[in-house]
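Visitor: Here is the input, now give the coordinates:
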Amino acid sequence: MTKTQQVRLARRPSGLPATDTWSVVSEELPAITAGEILVKVDLVSVDPAMRGWLNDVRSYRPPVGVGDVMRSLDIATVVESAHPGFSVGDNVSGVFGVTEYAISDGRGVSTVDLRVAPAAAWLGVLGIPGMTAYFGLLEVGKLRVGETVVISAAAGAVGSVAGQIAKAMGATVIGIASGAEKCRRLTEELSFDAAIDDHSEDVVRRLRELAPQGLDVYFDNVGGEILDAALANLRRGARIVICGVLDPDNESELVPGPSRYMALLFFRATMAGFVVSDYADRYGEAVAKIAQWRDEGKLEAREHVVEGGVARFGEALNIVLTGANNGKLVLAM
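Guide: Reported below is the predicted structural model:
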């Protein structure tokens with residue numbers, strides 16, 4: 001049998017998770033049986049969506065149960081296999097959880113090619129953040145050449161990829177981020193046309209200055225006042241893509257809805273939410289295109305790696321929830 005350290009949900013938090021939100025336990029895994037694999041988890045994806053999974057509310061997927069291993073998407077290595085589709089040594093991606101080792105029946109598990117990109121990239125630009133940016137912009141946002149795109153939380157894992165995809169598609173791209181350094185990176189390193197610092201600038205006024213004809217696509221990662229600022233600056237026929245909300249202080253409350261929603265009527269605009277797993281059967285298409293843009297130098301990605309394994313998961317999650325990460329955050333096991 002294999003011994004593993006796991007992070008389990010000890011209690012549901014209010015606001016930012018605290019140390020007593022989690023417990024680290026040791027578990028003996030049984031021997032695998034026919035059709036199963038044993039994997040060693042190498043990297044854990046740490047994402048803002050994890051905070052929502054801790055609330056006991058109805059959502060697009062069930063909440064993590066108290067006492068359960070914390071849900072996460074991981075990159076792992078197969079160390080034992082009794083499954084015809086996987087061999088020892090395969091690098092795989094799957095929802096194994098925040099644990100050192102895991103047993104899987106192979107459902108939802110796919111192999112990843114580390115010759116195409118390093119492991120961390122398969123949790124970032126070639127993983128769920130990249131898929132979210134790709135389908136959110138092209139399928140939900142219906143982006144067209146020459147349009148003006150505004151992206152909130154633009155320095156984050158999803159926003160930074162979305163902005164670069166929009167540039168690769170021939171759009172004018174304005175990013176909204178928190179802090180001068182993040183805004184500098186957007187324009188100087190990621191080729192955004194402009195950036196707005198929502199900590200020090202009037203977002204409504206700056207959007208009117210930068211997009212006097214209005215915006216065509218708004219990719220929303222934060223909600224609240226920034227969503228209202230975008231609604232105040234729409235062009236006729238605009239599309240608003242609701243990707244997520246990042247406001248850890250309000251996770252135990254309802255996020256305030258938009259006060260300028262009548263702009264949807266005035267400008268004949270649409271606002272739609274989506275969950276990236278709806279496009280799971282097309283991930284291969286997105287991976288191929290994003291990898292092409294990456295090879296052509298049109299798309300740059302950065303990973304923020306936290307070392308230390310399961311003991312540092314709570315710390316790593318709060319880095320993401322407070323926006324202190326510099327690129328896609330992954331926890332190295």
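
Visitor: what domains does the record give for the chain?
Guide: 2-124+302-332, 128-277 (automatic domain parsing).

Visitor: Give me the number of neighbouring residues for Gly284.
Guide: The tally of other residues near Gly284 (other C-beta atoms under 10 Å) stands at 10. (Glycine included, C-beta is placed from N, CA and C.)

Visitor: what about it, which helix or strand?
Guide: Assigned by DSSP states H and E, Gly284 belongs to helix 283-295.

Visitor: what does Ile165 give?
Guide: Per DSSP H and E, Ile165 falls inside helix 157-168.

Visitor: what does that helix rub up against?
Guide: 47, 124-125, 129-130, 132-134, 136-138, 143, 149, 151-154, 173, 175, 177, 186, 190-193, 217, 219, 221, 243-244, 290, 293, 298-302, 327-329 (C-beta atoms under 8 Å, 6 or more residues apart in numbering).

Visitor: repeat that for 7 Å
Guide: Applying C-beta atoms under 7 Å, 6 or more residues apart in numbering, the contact partners of helix 157-168 are 124-125, 129-130, 132-134, 136-137, 143, 149, 151-154, 173, 175, 186, 190-192, 219, 221, 243, 293, 298-301, 327-328.

Visitor: what ranges do the helices span in the stretch 151-300 of the chain?
Guide: Assigned by DSSP state H, counting those that start in this stretch, the stretch 151-300 of the chain shows helices spanning 157-168, 180-188, 203-210, 224-231, 263-266, 283-295.

Visitor: Can you dump the C-alpha atoms of the first one in CSV for me?
Guide: Right, helix 157-168. Extracted in CSV, the C-alpha atoms of helix 157-168 (Å, rounded to 0.1, in the frame of the first residue of the first chain):
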residue,chain,number,x,y,z
ALA,A,157,-4.1,33.3,-15.5
VAL,A,158,-7.3,33.6,-17.7
GLY,A,159,-7.2,37.3,-18.4
SER,A,160,-3.6,37.4,-19.6
VAL,A,161,-4.2,34.6,-22.1
ALA,A,162,-7.6,36.1,-23.2
GLY,A,163,-5.9,39.4,-24.0
GLN,A,164,-3.2,37.8,-26.0
ILE,A,165,-5.7,35.7,-27.9
ALA,A,166,-7.6,38.8,-28.7
LYS,A,167,-4.4,40.5,-30.0
ALA,A,168,-3.6,37.4,-32.1
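
Visitor: Please enumerate the strands of the stretch 51-200 of the chain.
Guide: 74-81, 91-94, 101-104, 110-111, 148-151, 172-177, 194-197 (DSSP state E, counting those that start in this stretch).

Visitor: closest to Leu29 out of the helices of the stretch 151-300 of the chain?
Guide: Comparing those against Leu29 with C-beta to C-beta, the closest turns out to be helix 283-295 (28.7 Å).

Visitor: In contact with the closest residue to Gly97 other than its chain neighbours, which residues are there?
Guide: Of all residues not flanking Gly97 in the chain, Val69 sits nearest, at 4.0 Å (C-beta to C-beta, 6 or more residues apart in numbering). Going by C-beta under 7 Å, 6+ apart, Val69 touches 6-8, 97-99.

Visitor: Most tightly packed of the domains of the chain?
Guide: Comparing the domains of the chain by mean neighbour count (mean count of other C-beta atoms under 10 Å), domain 128-277 ranks first with a mean of 20.

Visitor: So Val140 sits against Cys243, correct?
Guide: No: contact status for Val140 versus Cys243: not in contact, 8.6 Å apart, counting by C-beta atoms under 7 Å.

Visitor: which residue is nearest the middle of the protein?
Guide: Pro129 (4.1 Å; C-alpha atoms, centre = their mean).

Visitor: my read: that one touches Lys328, true?
Guide: Yes: between Pro129 and Lys328 there is a contact at 5.9 Å, judged by C-beta under 7 Å.

Visitor: For Cys243, list the residues it contacts.
Guide: Applying C-beta under 7 Å, 6+ apart to Cys243 gives the contacts 132, 136, 158, 219-221.

Visitor: Mind telling me the two of these farthest from one another?
Guide: Thr132 and Asp220 (12.1 Å).
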